[in-house]
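[1] coordinates only, sequence not included:
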């Protein structure tokens, strides 16, 4: 209710559909600047003279994220009541009561560091694996130091390209990714693993994905899913 991960073009619909009060959000943590994760137009509506919003919103992301927000809103940060904070690979920061570690993903363009995150609070750890690709070795080494209770992994290519590991993952690659986390000792005992980031391009619907992942002990996400750890 205080921290969002990414803010794409579906965010307004999601907030109204599931009763999320966006005015109470203190922080948005962005993984990268692609349009399905970042919609600067929504942030532009915070500008002075257009909105009654006055509370500051902290935005955290890589240099591309911050540049895209400033370039497309065409407003000074203070006019939008935004405080922009750059985050880079390997950096550890405190955000909204969470200890956040930024992980370099294998995604986006050569000049943008797409990020995954480990969030820690109250002895629990959550992995946000949006648009991972197959991580570079130094990311695997870094994440091995955590004991993750809930891992949310992407599976963009679905069954269409089951073994794909470049920039995104297919279903078989996602299972291999989970297995690699286990082999590195990065998953806590009884850790939950959930997959998301689907579209029709993966050539499988929800029920088909559930059937595919069930033997592997992996849950398939849907809009409105609530998880607790």
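    Structure's in. What do you need? This one's a predicted model, so the numbers in the text were calculated from it and none came from an experiment.

[2] mind listing what's buried in the longest helix out of those in the chain?
    Longest helix in the chain by number of residues (criterion: DSSP state H): helix 171-183. By neighbour count on 16 or more other CB atoms under 10 Å, the buried set for helix 171-183 is 171, 172, 173, 174, 175, 177, 178, 180, 181. All C-beta atoms are positioned from the backbone trio N, CA, C, and that covers glycine.

[3] Average pLDDT for that helix, rounded please.
    In this model, helix 171-183 has a mean pLDDT of 98.

[4] List of residues touching it?
    If you take CB atoms under 8 Å, 6 or more residues apart in numbering as the criterion, helix 171-183 is touched by 127, 129, 132, 134, 140, 143, 148, 151, 153-155, 157-159, 162-165, 169, 187, 193, 195, 204, 209, 212-213, 216, 218.

[5] Tell me the helix or strand right after it.
    strand 187-196 (DSSP states H and E).

[6] State the phi and psi torsions of the residue of the chain positioned farthest from its centre.
    Distance from the C-alpha centroid of the chain, by CA atoms, centre = their mean, peaks at residue 49 (31.6 Å). The phi and psi values for residue 49, taken as degrees, to the nearest 10, are phi 90, psi -10.

[7] and if you look at residue 104?
    According to degrees, to the nearest 10, residue 104 has phi -80, psi 120.

[8] ok, now which ones touch residue 111?
    Applying CB under 8 Å, 6+ apart, the residues near residue 111 are residue 64.

[9] let's number from 9 now, not from 1
    With the count now opening at 9, the last piece we talked about shows up as residue 119.

[10] Give me the distance between residue 229 and residue 76.
    With distances taken as CB to CB, to the nearest Å, residue 229 is found 26 Å from residue 76.

[11] One more: residue 156?
    Taking CB to CB, one finds residue 156 at 29 Å from residue 76.

[12] try residue 93
    For residue 93, the distance to residue 76 - CB to CB - is 15 Å.

[13] Comparing the two, which shows the higher neighbour count?
    Neighbour count, other CB atoms under 10 Å: between residue 93 and residue 76, residue 76 has more, with 19 against 14.
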